[in-house]
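> here's my sequence, what's the structure:
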Amino acid sequence: MQEKLMEIKENALKSLTEVSDSSSLDEIRVKYLGKKGELTTILRSMGSLSKEERPIVGKLVNEIKAELEAKIEEVAKAIKEKEKAAKLASEIIDISLPGRKKIIGKRHPLELTLKAMEDIFISMGFTVEEGPEVELDYYNFEALNIPKNHPARSEQDTFYINDDMVLRTQTSPVQIRVMENQKPPIKMIAPGKVYRSDSVDATHSPIFYQMEGLVIDKGVTFADLKGTLELFARKMFGDSVKTKFRPHHFPFTEPSAEMDATCFVCGGKGCKVCKNSGWIELLGCGMVHPNVLRNCGIDPEVYSGFAFGFGVDRMVMLSYGIDDIRLLYESDMRFLDQF
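Here you go, the predicted model:
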């Protein structure tokens, strides 16, 4: 038995001198010291030995076991250091190389302008409402007092999904949905993307952004409309800006108007931005047509209101002096990095 133990010891020590990685070392440990290892097997068979042999063999087994455990620990430490050195060598950093610059994103000029406009109206007590971009013909046209075959539809020719569904041409359908689901008073804006089948050029795009507003309550007048929009213009372009209203026609408002503001580039003196007129058209507006109120279940004898709509892309172009709307949608970083 003692000869067998010495043979196990010599084989184990020899194997430990040849081991080169952690997994091989673990296999050796299990082979000799594991629950089914060679030393453990001998300990379990000691019942067959004589009383005189048992203490001698038991002592020898424990000595060999202690020696092997110490050797395994020593080899494990050496392997760990070797693996660490190899890892460091493979992950070495060349500090002479230039660093990698992290590119930080910026807000798009459309987003910057939308946010500035929203903040102004929110400060005046307006809520921000949203609606679907794929809209029913009823909400996009009929509920807004634009029945089928009405001439105004040709001005807003759009992309039809089918006879009853279109890509919205304006954010006015959001106003209809809000009036259907909320009782007055209502004070809201509806920013968002809209679609019209325009050919792409410097001033037209089949996709652009609008922001429309709506106020419904008892006793609302055109004076409230003028006061609201004049306050917006001063907050957006400065206290020196002046505004004027020109009569216009919209099917969903009566009376209707377009609002101009003094050119914020030349201060009203005349320049290429305002075509030497001193004025820039900002938006369309008017008092909500009684038919629109009736379509939404609101009694025009009790309530009145006003609505207005901005072309956000136009506001961006005017604010930053951009002369081609295509620049806003081409994702050219040389252009966008300026903002």
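> what sits up against whichever strand or helix holds Gly305?
Element membership of Gly305 [criterion: DSSP states H and E] is strand 304-311. Outside strand 304-311, the residues that touch it by C-beta atoms under 8 Å, 6 or more residues apart in numbering are 117, 170-172, 175, 184, 186, 208-222, 224-225, 228-229, 252-253, 259, 282-288, 293. Where you see a C-beta, it was placed from the backbone N, CA and C, and this is true even at glycine.
> mean confidence (pLDDT) on it, please.
What strand 304-311 shows for mean pLDDT is 94.
> surely Leu110 and Ile207 touch.
No: using C-beta atoms under 8 Å as the test, Leu110 is too far from Ile207 to be in contact (11.0 Å).
> can you say which of the contacts of strand 304-311 are buried?
117, 170-172, 175, 184, 186, 208-216, 220, 224-225, 228-229, 252-253, 259, 282-288, 293 (16 or more other C-beta atoms under 10 Å).
> just the ones in strands from those, please.
186, 208-216, 253, 259, 282-288 (DSSP state E).
> looking at the residue nearest the centre of the chain now. What's its pLDDT?
With distances taken as C-alpha atoms, centre = their mean, Arg107 lies nearest the centre of the chain, 11.1 Å away. pLDDT recorded at Arg107 is 87.
> cool, Leu293 as well?
94.
> surely it touches Asp299?
Yes: using C-beta under 8 Å, Leu293 is in contact with Asp299, at 7.3 Å.
> burial of Ala202, as a residue count?
Neighbourhood size, Ala202 [other C-beta atoms under 10 Å]: 12.
> now swap in His249 and tell me
Neighbours around His249, by other C-beta under 10 Å: 13.
> swap in Gly131?
Neighbours of Gly131 under the rule other C-beta under 10 Å: 17.
> that one sits in which helix or strand?
Using DSSP H and E, Gly131 sits within no helix or strand.
> can you list contacts of stretch 228-241?
Against stretch 228-241 from outside (C-beta under 8 Å, 6+ apart): 116-117, 120-121, 123-124, 213, 215, 243, 259, 261-262, 264, 267, 282-283, 285, 306, 308, 315.
> redo that, cut-off 7 Å
Ile120, Met124, Thr243, Met259, Ala261, Thr262, Phe264, Leu282, Cys285, Phe308 (C-beta atoms under 7 Å, 6 or more residues apart in numbering).
> which pair in the residues you listed spans the largest distance?
Spatial extent of the contacts of stretch 228-241 (C-beta to C-beta) is set by the pair Met124 and Thr262 at 21.4 Å.
> related to what we said a few turns ago, next secondary structure after the strand holding Gly305?
Heading C-terminal from strand 304-311 (DSSP H and E), you reach helix 312-320.
> can you pull the alpha-carbon coordinates of that next one into CSV?
Backbone C-alpha positions of helix 312-320 (Å, rounded to 0.1, in the frame of the first residue of the first chain) are rendered in CSV as follows:
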residue,chain,number,x,y,z
VAL,A,312,-42.9,75.4,-38.8
ASP,A,313,-40.5,74.9,-41.6
ARG,A,314,-41.1,78.5,-42.7
MET,A,315,-40.5,79.7,-39.2
VAL,A,316,-37.1,77.8,-39.2
MET,A,317,-36.1,79.3,-42.5
LEU,A,318,-37.0,82.8,-41.5
SER,A,319,-35.3,82.4,-38.1
TYR,A,320,-32.0,81.1,-39.4
